[in-house]
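S.K.: Predicted coordinates and the sequence they were generated for:
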Amino acid sequence: MKIEHEVKVLRVTALTSLVLSLSLCLMGMKSSNDGRFETLTVERLNIIEADGTVRMLLTNTARFPTTEEVNGKVLNEDRKKRAGMLFFNEEGMEAGGFIYDGAKNANGHSAGMSMTFDKYDGDQVMQLLTVDEQRGDKRIVRSGLAFNDRPAAETQDGVRKIMRELAQITDQSLKRQKIQEYQDAGLIGGAPRILLGKTAQQNNGLFLFAKDGSPRAMFYVDENDEVQLKFMDAAGEVTRSWSSTAAK
């Protein structure tokens, strides 16, 4: 009986020590909020502030948010899901992101990467982009750094509301009319202003655009390694030009 009693005491003592040890370990982890991992495998990772505001989101394709709310807002119901990351400002608004994809298709392949930075409560004003497409025996690679103008009155909530309204209009003539009305009011739209890079025509250079997005000046090296300088009017007609070929 004495031996059995001592065994019971040892068991209770051991169990108590184990519970205390685990409690101390958990308290230590909680107080430091620090951990080290050699490998972390997740489908999506939300980087948040202390109040829960998502500031950066890293995700696979399936968990890319479209109809899901982030910081209390649906980002873009019509956006294609892609792997990458999204940035959010202190107020929880989307501020840009980085996305990429690439796969074979019926024509060959299609791949691309895009990093964008948005204006406050608006859409992208700066984009780093590359697209690689195989179309049969022809491969087209275009890439560049672009700067865009956005309407002053544009807001993310406003654009989402307008896009939902336009999606319900089946009459294409009426839809174009509504789009023009919203563009004239400065609520949607935007235009490229500067592009530095390679176009689909394989021209490498600097391309400048007017406020309405129409091309006005180009300085580039074409696919034949000839230097080209062109100036255009509002209708897109070349008014002046210079070519290294003509200068020879």
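M.R.: That came through, no problem.

S.K.: contacts, neighbours, all on C-alpha from now
M.R.: OK.

S.K.: Now name the helix or strand holding the closest residue to Thr67 other than its chain neighbours.
M.R.: Nearest residue to Thr67, sequence neighbours excluded (Cα to Cα, 6 or more residues apart in numbering): Glu77, at 5.0 Å. Using DSSP states H and E, Glu77 sits within no helix or strand.

S.K.: How many residues are close by Glu77?
M.R.: Using other Cα atoms under 10 Å as the criterion, Glu77 is surrounded by 14 other residues.

S.K.: Could you number the chain from 8 rather than 1 from now on?
M.R.: Let's use 8 as the start, then, which means that last one is Glu84.

S.K.: This structure - how does it break down into domains?
M.R.: 46-156, 158-196, 197-255 (automatic domain parsing).

S.K.: any chance of the ones you listed in CSV, with mean pLDDT too?
M.R.: Below are the domains of the chain laid out as CSV (pLDDT from 0 to 100):
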stretch, mean pLDDT
domain 46-156, 94
domain 158-196, 93
domain 197-255, 94
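
S.K.: re the thing from before, Glu76 is in contact with the residue nearest to Thr74, correct?
M.R.: No: counting by Cα atoms under 8 Å, Glu84 stays clear of Glu76, with 10.2 Å between them.

S.K.: Pull out the buried residues from stretch 121-130.
M.R.: Of the residues in stretch 121-130, Ser121, Met122, Thr123, Phe124, Asp125, Lys126, Asp128, Gly129, Asp130 count as buried by neighbour count, 16 or more other Cα atoms under 10 Å.

S.K.: For the third one, which non-adjacent residue is spatially closest?
M.R.: This means Thr123. Gln134 (4.4 Å).

S.K.: which residues touch the helix or strand harbouring that neighbour?
M.R.: Taking DSSP H and E as the criterion, Gln134 maps to strand 131-142. Residues from elsewhere that reach strand 131-142, judged by Cα atoms under 8 Å, 6 or more residues apart in numbering: 103, 114-126, 146-157.

S.K.: What about those, which are in helices?
M.R.: If you go by DSSP state H, the contacts of strand 131-142 have nothing in helices.

S.K.: Buried ones among these?
M.R.: If we count by 16+ other Cα under 10 Å, these have these buried: 103, 117, 119-126, 148-157.

S.K.: any idea of the pLDDT on Gly21?
M.R.: No, residue 21 isn't Gly; it's Ala. pLDDT, Ala21: 52.

S.K.: try the one 4 residues further on
M.R.: Each residue has a pLDDT score; the one for Leu25 is 50.

S.K.: hang on, Gly151 packs against Ile201?
M.R.: No: Gly151 is beyond contact range of Ile201, at 10.0 Å (criterion: Cα under 8 Å).
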